[in-house]
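[1] quick one: sequence plus predicted model below, questions after.
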Amino acid sequence: MKITAIETKVCHARMRNWIFVKIITDQPGLWGWGEATLEWHTRSVVGAIEDLSQLLIGEDPRRIEYLWQMMYRQHFWHGNGVVRGTAISGIDIALWDILGKIHGVPCHELWGGRVRDYIRLYCHLGGGKMEDFYETRRDDAKRFGELAQKAVEDGFTAFKSMAVPETAPLEGLQPVHYAEACVAAMREAVGDSIDIMVDCHARPSPRMGMLFAKALEPYGLYFFEEPCWPETMEDIALIQRSVRTPIASGERLTGIHAFRDMLEKRAVSVIQPDITHCGGLSEVRKIAALADAYRVSVAPHNPQGPVSTAASIEFGFSAPSYIICESVHNDVAWRQDVVQEGFVVEEKGRIVKPNALPGLGIEINEKEVSKHPFQQEVLQRSFYKDGSVGDW
Ligand SMILES: [Mg+2]
């Protein structure tokens, strides 16, 4: 059995270009789907996949770990940068889809079988509509409350918000009060039985991250995400030690070594590997095993397209420390037209029942994908009041 071609199919979905990876074999009808979406780096990732494909064409697709080692270690430069990490991830996901199809079982059965009956999803405020999630004004606490209410009406028991404003490395009380007002409005709207998360997008400096974490502590967040840059891991750890709120981070890390550093520093209660960046399903399983040793939870980052979601779900049915999965359902109106999914999402509670189809249980509709060719992603940039460059 041999890999004969590795193709990329780019599908423009407003904020992102979804990059679907199709690995074709010499067996009639046997192919696998992966995803390697990296917003604002679409052309680089497509090129990186093309570069990697010369290592893989003609190889046996069943030797996934062997092929992963080649992708990561050969070509001299290791594959732990985000572009090549994403390319490796997309290919690795497709290889697992193929292996499941060969054996006629869902991927989670290849990994020791199901460890839970369902997976809980959480949404973004606005369900993935970028204006609601990213552009609701930070002084409009009422709107945060309304969107929170809507998430619960849509069946979710947990949601994430961007309630922490962009701030210069040091600012006074006002941004902290904005954040408090937004979280208070959301808590007031949905009560104590709903889990609220706040994502800082690593915008704050370490000290501003600490001030926000302390201010939001009374609202009982489910987790508080990326309070400062992942490059300042010691400061994330300091915030984790200073508040009761569980701290989450990890969406920008690639490879097990980066997660080893985060876990050794006791920086978080929740790691958030992105299966389309961290090294794929092969690497995320190792990362989760490492997290198990620290009794740290896993909640994958997953705001991308439908193959990323299917991979995140399959993984979740096999990973004991997995607590919840990020999801978007309202980013583009035609999301469900490009994919057939094997898993079922129950509207009430937004829980996912396991896929019973082989591999990832999905098929991508290439005709629908071709209706949405590459377009440059909308720029999302941030500048502070004085015109200096900020983090988005
Ligand atoms: Mg995030």
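    Right, received. Where do you want to start?
[2] least trustworthy helix or strand in this structure by mean pLDDT?
    The weakest-scoring helix or strand in the chain, judged by mean pLDDT, DSSP states H and E, is helix 130-135 (a mean of 70).
[3] now stretch 16-26, how far from the chain's geometric center?
    Centroid displacement of stretch 16-26 relative to its chain, using CA atoms, centre = their mean, to the nearest Å, is 18 Å.
[4] would you map the helices across the stretch 151-300 of the chain?
    Ranges of helices within the stretch 151-300 of the chain are 173-190, 206-216, 233-242, 256-264, 280-294, based on DSSP state H, counting those that start in this stretch.
[5] out of those, which is closest to E346?
    E346 lies closest to helix 173-190 among the helices of the stretch 151-300 of the chain, at 19.3 Å (CB to CB). From N, CA and C alone the C-beta is placed, and that goes for glycine too.
[6] what's the average pLDDT for the closest one?
    Averaging pLDDT along helix 173-190 yields 96.
[7] cool, and stretch 276-295?
    Here stretch 276-295 scores 98 as its mean pLDDT.
[8] buried ones in it?
    For stretch 276-295, a neighbour-count test (16 or more other CB atoms under 10 Å) marks 276-285, 287-288, 290-291, 294 as buried.
[9] next: stretch 258-275.
    With burial defined by 16+ other CB under 10 Å, the residues of stretch 258-275 counted as buried are 258-259, 262-263, 267-275.
[10] and what of stretch 104-121?
    Result for stretch 104-121 [16+ other CB under 10 Å]: buried residues V105, P106, C107, H108, E109, L110, W111, Y118, I119, R120, L121.
[11] from A151, how far off is the fourth one?
    Here H108 is placed at a distance of 27 Å from A151 (CB to CB, to the nearest Å).
[12] ok, the second one next?
    Applying CB to CB, the value for P106 to A151 is 29 Å.
[13] need the residue closest to the centroid of the chain.
    In the chain, the residue lying closest to the centroid (CA atoms, centre = their mean) is H301, at 2.0 Å.
[14] test my guess that it contacts V270.
    No: at 10.7 Å, H301 and V270 do not qualify as touching, with contact defined as CB atoms under 8 Å.
[15] list the buried ones in stretch 354-363?
    Those would be P354, N355, L357, P358, G359, L360, G361, I362, for stretch 354-363 by 16+ other CB under 10 Å.
[16] identify, from the buried residues of stretch 104-121, the entry nearest to E251.
    For those, the nearest to E251 is L121 (16.7 Å; CB to CB).
[17] sec struct for that closest one, please.
    On the three-state scheme (DSSP: H, G, I helix; E, B strand; the rest coil), L121 is labelled strand.
[18] just list whatever residues bridge to it.
    With DSSP bridges applied, L121 shows beta-bridge pairing to C325.
[19] how far away is it from N355?
    14 Å.
[20] again with A141
    With CB to CB as the criterion, A141 and N355 are 39 Å apart.
[21] and the pLDDT for G127?
    For G127, the model assigns a pLDDT of 74.
[22] what is the burial count for it?
    Counted by other CB atoms under 10 Å, the residues lying close to G127 total 19.
[23] so it sits in a strand?
    No: counting by three-state DSSP, G127 falls outside a strand, being coil.
[24] that one contacts V332, doesn't it?
    No: taking contacts as CB under 8 Å, G127 lies outside contact range of V332: 11.0 Å.
[25] so where is this protein shaky, pLDDT-wise?
    Scanning the chain for pLDDT under 70 picks out 128, 130, 134.
[26] got the domain ranges for it?
    Using automatic domain parsing, the domain parsing of the chain gives 3-106, 110-360.
[27] E366 is nearest to which of those?
    Across the domains of the chain, closest to E366 is domain 3-106 (CB to CB), at 6.4 Å.
[28] okay, the buried residues of stretch 258-275 in JSON lines with distance to E251 next?
    What follows is these, written out as JSON lines (distance: CB to CB, whole Å):
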{"residue": "A258", "distance to E251": "11"}
{"residue": "F259", "distance to E251": "11"}
{"residue": "M262", "distance to E251": "12"}
{"residue": "L263", "distance to E251": "15"}
{"residue": "A267", "distance to E251": "14"}
{"residue": "V268", "distance to E251": "11"}
{"residue": "S269", "distance to E251": "15"}
{"residue": "V270", "distance to E251": "11"}
{"residue": "I271", "distance to E251": "9"}
{"residue": "Q272", "distance to E251": "5"}
{"residue": "P273", "distance to E251": "7"}
{"residue": "D274", "distance to E251": "5"}
{"residue": "I275", "distance to E251": "11"}
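[29] thank you, goodbye.
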